[in-house]
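Novice: Just the structure for this:
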Amino acid sequence: MRDLKRTASGGLLAMASVTACAATYDSLPAPAASYGEKQEYELYLSVSVNGNILAGAVPVKVNAGHYWIAASVLQQAHIPLQTGDALVDVTTLPSVKVEYDQPGQILKLQVPDKWLPEQHIGGTTEQPGQTAISSPGILFNYDAYSLFSSGGSQTTSTFTETRLFGPPGVLSNNAVIRQNWSSTGYEQQGYMRYDTLWKYSDSDQMISYQAGDVVSNALTWSSSVRMGGLRLSRNFSVRPDLVTYPLLNLSGSAAVPSSVDLFINGYKSSAAQINGGPYTLTNVPWISGAGEATVVTTDALGRQVSTSIPFYVSNTLLREGLSDFDFTLGALRNNYGIRSADYGAGAVSAIYRYGFNNWLTLSTHTEDREGLTNAGIGSDIGVGNLGTLSLSGSASRGEGDGNQFTSGYSYYGSSWGVSYQHIRRSAGYDNLSTYGSTATLSRQSDQATLSLSPWGRTLGSFSIGYFDIKAEDNSRTRLLNLSWSRGLWLSSSLSLSVNRDLQEGSYASMLQVIIPFDSQTSVQLSGQRASAGQWGENISVSRSAPAEGGLGWNLAHSIGGDNYSQADLTWINRVSTLSGGYYGSRDDRHSWFEAAGSVVLMDNSLFFARQINDAFIVVSTGNYPNIAVNYENRKVGVTDKNGHLLIPWATAWYPGKVTLDTLPLPTDTEALTVEKRIAVREGSGALVDFPVNRVRSATLVFVDARGQPLPVGTPVEEVNSKQRGLVGYDGVVWFSHLGRHNEVKINAGELRCSVQFELPSSTPVPQRIGPVSCPS
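Specialist: Numbers count the residues shown, from 1 in each chain. Have a look, this model is predicted:
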C-alpha cells in the first residue's frame, strides 16, 4: 500500500512538471511549414498527355495548385498556346484538365483528342521497294508436240521462245515450226513467227517501254489491237506492294493509349497499339465488294468500345491522284498467227485514266488511222455502299460516222452479286479492231449476271446469266444460263448447269459430281443432255503431277455418241515436262506426245530446266556443290558440281527470300551470307552469289612453365593475318581464316612466347596445336 502511494505521488509530480513546461513554452513560434506547403518550388516530374508519357523528366514549377511547364515541352506535345511566354501555367489553359499523381510523380494532362497528331496504322509506303535486277543471259523455251492419227496423218509442231536479257531489258522472239504428214505424202508448213519484242520497265516511274510487236491496252469500252511499232504504258505490276484502287480507311479517336483490333466480315484482320488521340487504320486487307468492318478499342483497364461500319470497295476504280495510260504507235498487224509479217496502215491508239477522287475515275480514249478517227470519254463511279456505275460515250469519223454508248452497274456482296452491261452502237461506228478483217462490231449487247448464296453451304450457290447480242446484220443471239453448285462431304462437290438458246429454243444441261481422294487425286462423274435427244455420261479419274516433280495421270471414258475415251501420263522432272497419251473413239483414234522445257545460259554455264514462263534465279555458291537451297521457305534442290542451282518459278518484281541450308557443311567451310531477298525483272534471270569458302582454322593450347593453362583473358595475336584473340578456359584459343604458314605469339606482361605451324589447304576439323609452353 505504501508503494502504491509512492508511485501515485510520483506520477502527480511528473504531471505537474509537464504542465509547468507547457506553460513556460506557450509563446514559442509555430513549427516550419512542410515542403508541400511552400509558396513556390520546383519538381522534376513525368508528364503524360492523354495517358501517353513524354520522354524524360520535366521541370515543373508549383505554386498553390498551379503548375508551370516550359512552352517548348507543351509544343512538342502538340498543345496549342495562345501566348509567347517561356513558362505556361497549364491549369489556366482552356479545355485542359490537370491532375497531379504524387505517388507516381506524374503530372497528368487531358486535352481534346483533336489536338493530338493523327496516327496512321499500317500505312502503305509510296516509295519504291527493293530494286529488281536482271543479270545478262539467254533463255530458250521449247514445247514440242506430235499428234498421230489412225488415218495415217501426223502433225508435229514446236513452239519456241528465245529471250536475251540483261540490265537494258528483254529482247524476245517466239514462233512455231509445223510439219504435217498425210497418208498421201509430206506437207511442209514451215516457220511461223508470232512476236518479236524489246521491253524495259522503269520500276521507279512505273512505266514500260516496248518496241516491236506490241498490243495496245484498252478500256472496258474500247478494243486492243496488234501493231508493229512503239508502246509507252503505265505498269503497276512493277510494284507488287501498291494497291491501285481505293481501300477502306477507318478513322477514330482514343482517349487513352489502347489496343485496336480490326475485324473484316467477322474475321480478325489486324491488331495494333495506339496512343491517345485520333487514328486512321490503313492496314486493311486487299478486299473488294461489300462487307462490314468492326473496330474494337481496349484500354489498359479492359474497357472496350466496338464500332461496326458497312463498306464497299471497288477494284475498278483508281485511287485518288493515281493515273494509268497507254500510248501505242505503229503499223496495224493483220493475219496474226497466219502470216509472220503482215503489217498494214499506220495507226495510233491511246488511253488515259485518272482517279479524280476515291469515288470517281475518269477515262478517255482515242485512236486514229488513215480514214478513221475514234475518240471517247468515260467514267467509273462508286455509288457509296451500293456498288459501281460505269458510263461512256465515243464517236467515230471515217467512211461512215457513228457513235457508241455503254453503261454498266455491278455490286458484289458476301452472299449475292449482280452485274449488268449495255452497249449500243450506230450503223456507222467503227474502230481499229475491225481494220483489215471481215469481222464487224455488234449493234447492241446486253449482259446480266446474278449470283446467290444466301445460306452458305446449306443450299449451295446459284447463278443466272442472260446474254443478248444483236449483230451488224441484225441477227440476234439470246442465251440464258442457270447453274447451281453445292459442297458435299469433305471437299466433294455437286453442280448442275442448264444453257438455253432463247432464239432457237434449244437447250443443253449437265450434272457433275467431283470426289477428291486427296490433294492430287479425284474422280469426276458427269452426265449431259441436249434438246435434240443427245445424251452422254462421263467418268474420269485423274491425279495431278506434283509441282516439285513426279508422275500424274488421267483416265476418262464417255458413254453415248461415239464412246470417247482418253488416257494420258505426265512426268515432271527437274529438266523438262514429258507427257503423252491417247484419245478418240473406235473409228477415230489419236495418240500424242509432248515435251516442254528450257535451256538457260548464265554465268558461263548451261542449265536445263522446266519451261520458264517469267522470271527465274540462278544461285551460285562459288563452285561449292551439294548445298541445299530454299526459295520462300520451300526447298528447291541442291547446287550442282559447279555450285549452281536454277530456281525456275520466281515471281517477277517480288522480293523473294532465297536461303542456304549450311548446317550440314563441314567445319572448314564458311558461308558469309545465307539469306537474301531478291526481286527479279519480268522475263529475266538474276544471278545471286552466296560465296562459300573453305577456311583453315586451328585450336591452340597455351600453358605456363608448370604446365598449367594460361590465365583466361590473356591476349594472343596471329602475326600474318593480324587477328587478335583471348585465351579461354583450359588455355585454349581458336583462330580461323589462317594461311598455310602461321605464327601465333603472346606478349603480355611477363608472358612472352610464340609458335609457328603449317596447315593443309582443307581439314574436316580444326587442327589442334600444343600444348605450347609460355614461361614467364
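
Novice: Now do the contacts for the nearest residue to G166 once chain neighbours are set aside.
Specialist: The spatially closest residue to G166, leaving aside those adjacent along the chain, is P136, at 4.0 Å (Cβ to Cβ, 6 or more residues apart in numbering). To be clear about C-beta, it is placed using only N, CA and C from the backbone, and glycine gets the same treatment. With contact taken as Cβ atoms under 8 Å, 6 or more residues apart in numbering, P136 is in contact with 165-167, 602.

Novice: what does Y412 give?
Specialist: Under the criterion of Cβ under 8 Å, 6+ apart, the neighbours of Y412 are 288-290, 387, 419.

Novice: Show me just the buried residues among these.
Specialist: 289-290, 387, 419 (16 or more other Cβ atoms under 10 Å).

Novice: what's the most distant pair in those residues?
Specialist: Considering Cβ to Cβ, no two members of these lie farther apart than A290 and S419, which are separated by 13.4 Å.

Novice: between these two, what contacts are shared?
Specialist: Between them, A290 and S419 have 411-412 as joint contacts when contacts are counted by Cβ under 8 Å, 6+ apart.

Novice: Figure out the helix or strand that R163 lives in.
Specialist: Applying DSSP states H and E as the criterion places R163 in strand 154-166.

Novice: In CSV, please show the C-alpha coordinates belonging to that strand.
Specialist: Below are the C-alpha coordinates for strand 154-166, written out as CSV (Å, rounded to 0.1, in the frame of the first residue of the first chain):
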residue,chain,number,x,y,z
GLN,A,154,0.8,-36.9,-138.4
THR,A,155,1.3,-33.3,-137.2
THR,A,156,4.3,-32.0,-135.4
SER,A,157,4.7,-28.5,-134.0
THR,A,158,7.4,-27.0,-131.9
PHE,A,159,6.8,-23.7,-130.1
THR,A,160,10.0,-21.8,-129.3
GLU,A,161,10.7,-18.7,-127.3
THR,A,162,14.1,-17.1,-127.2
ARG,A,163,15.0,-14.3,-124.7
LEU,A,164,18.1,-12.2,-124.5
PHE,A,165,18.0,-10.3,-121.2
GLY,A,166,20.1,-8.1,-119.0
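
Novice: Buried residues, that strand. List them.
Specialist: Buried residues in strand 154-166, counting neighbours by 16+ other Cβ under 10 Å, are found at 155-165.

Novice: what pairs with Q566 across the strands?
Specialist: With DSSP bridges applied, the residues forming beta bridges to Q566 are A556, Y583.

Novice: Likewise for K470?
Specialist: Counting by DSSP bridges, K470 is bridged to Q444, R476.

Novice: Isn't it up against L441?
Specialist: No - K470 sits out of contact with L441 when judged by Cβ atoms under 8 Å, with a separation of 10.9 Å.

Novice: Surely L74 is in a helix?
Specialist: Yes - L74 sits within a helix when classified using DSSP: H, G, I helix; E, B strand; the rest coil.

Novice: okay, now it: neighbour count?
Specialist: For L74, the neighbour count with other Cβ atoms under 10 Å is 23.

Novice: before we move on, what about the one 4 residues further on?
Specialist: Using other Cβ under 10 Å, H78 is surrounded by 12 other residues.

Novice: Might you report the residue contacts of it?
Specialist: The contact partners of H78, taken as Cβ under 8 Å, 6+ apart, are 49, 115-117.

Novice: picking that back up, quick check: the farthest pair among the contacts of P136?
Specialist: Longest distance between any two of the contacts of P136 is 13.7 Å, between P167 and M602; criterion Cβ to Cβ.
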